[in-house]
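# Here is a sequence with its predicted model. Questions after.
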Amino acid sequence: MNKRLLNLAVALAALAAPRLANGIDLIKEGAVFKYHKGTKEASSPRTAWTKVDFDNSSWSRGKTPFFNNEKTNGGTELGDMQNKYSTVFLSRKFRVTDPSVLGVGTLKVKADDGFVAWLNGVEIASLHKPTSTLRYSSQATKSNREPINWHVTSLHNMSETAEKGWNVLSVMLLNFRKSNSDAYLDVRLSAKEREFVPPEVVSISPEPGEVTELSAITVTFSEPMSGVDVDDLMVNDYPATELTEKANTFTFRFDQPANGRINVWWAPSHGIGDQASPPNKFAPEGST
């Protein structure tokens, strides 16, 4: 193998484990939301209420969960909902000091029967959403059977969707029928702290040096990876022909090279990165 790969293996022999990402609770259990019962539109135009600058000072305030005819501890009861309205508009503002530190976000919603959610006016999740234009009179397309489970959505662009300063999560509860006797909505929003440590190679087999045969090279990275392709490893100007993966370990296979010096390097155009959101790019020593 060439000196570049040899130097890479030696330099990374004592690599420490990457820093673990921490959770950031943006909207917690029992959070207070502003809410508007769906007896008429929440705003004009209809989507204005989902934006961070919308004035909902006249709306009511209540803690999650919101419910009607459900057994629950705490929360906000919608005792007048049956036969009067099938939707509830809910809005919660929260502050973000530095959006760039947000990694993957997680929105968890428990809804009977459906919902639509927006972050700063951008739709991010839905369940049993009707195909027609959302109106105050809209209804869920299906009834959600009990026990109601959490509907979980991963948000991979939180650092781009969230704004520095005030943000707003807007949720529209949808009941299956106005005549339904029960309804329920609970919400959580969190994010992982973005991890900025780039992935590294912790071992290479066989190690650089003299070998009697060479038809495979096994590379172990410091963490779970993404974007590793068979043609990312070059052997004497030719890409590998087969790739197998097990956890953080990748084995590249290729035809036995001719006797003599064997040059091995990473293709400059590789798209290798870790599984952070967004991914931290793998940058081997000497690569471009």
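Received, thanks.
# pretty sure residue 179 is in contact with residue 83, am I right?
Yes: between residue 179 and residue 83 there is a contact under C-beta atoms under 8 Å: 5.6 Å. Just so you know, the C-beta spots here come from the backbone N, C-alpha and C atoms, and that holds for glycine as well.
# quick one: terminal-to-terminal distance for stretch 223-230?
19 Å (C-alpha to C-alpha, to the nearest Å).
# tell me which residues in it are buried?
Neighbour counts using 16 or more other C-beta atoms under 10 Å place 223, 225, 228 of stretch 223-230 among the buried residues.
# Counting only strands, which of the residues you listed make the cut?
Mapping those onto strands (DSSP state E) picks out residue 225.
# Name the nearest of the buried residues of stretch 223-230 relative to residue 71.
Set against residue 71, the nearest of these by C-beta to C-beta is residue 223 (43.7 Å).
# what's near enough to touch the closest one?
Listed by C-beta atoms under 8 Å, 6 or more residues apart in numbering, the contact set of residue 223 reads 18, 199, 248, 274-275.
# Next: residue 149.
Residues in contact with residue 149 (C-beta under 8 Å, 6+ apart) are residue 110.
# Okay, domains of this structure per the record?
As assigned by automatic domain parsing, the chain contains the domains 3-18+196-274, 23-193.
# Rebuild those as JSON lines, extending it with distance to residue 281 and mean pLDDT.
Below are the domains of the chain laid out as JSON lines (distance: least, C-beta to C-beta, whole Å; pLDDT from 0 to 100):
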{"stretch": "domain 3-18+196-274", "distance to residue 281": "5", "mean pLDDT": "83"}
{"stretch": "domain 23-193", "distance to residue 281": "15", "mean pLDDT": "95"}
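# Just name the most buried of these.
Neighbour counts (mean count of other C-beta atoms under 10 Å) averaged over each of the domains of the chain peak at domain 23-193, with a mean of 17.
# before we move on, back to that, could you dump the domains of the chain to TSV with distance to residue 284?
Shown next, in TSV, are the domains of the chain (distance: least, C-beta to C-beta, whole Å):
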stretch	distance to residue 284
domain 3-18+196-274	5
domain 23-193	24
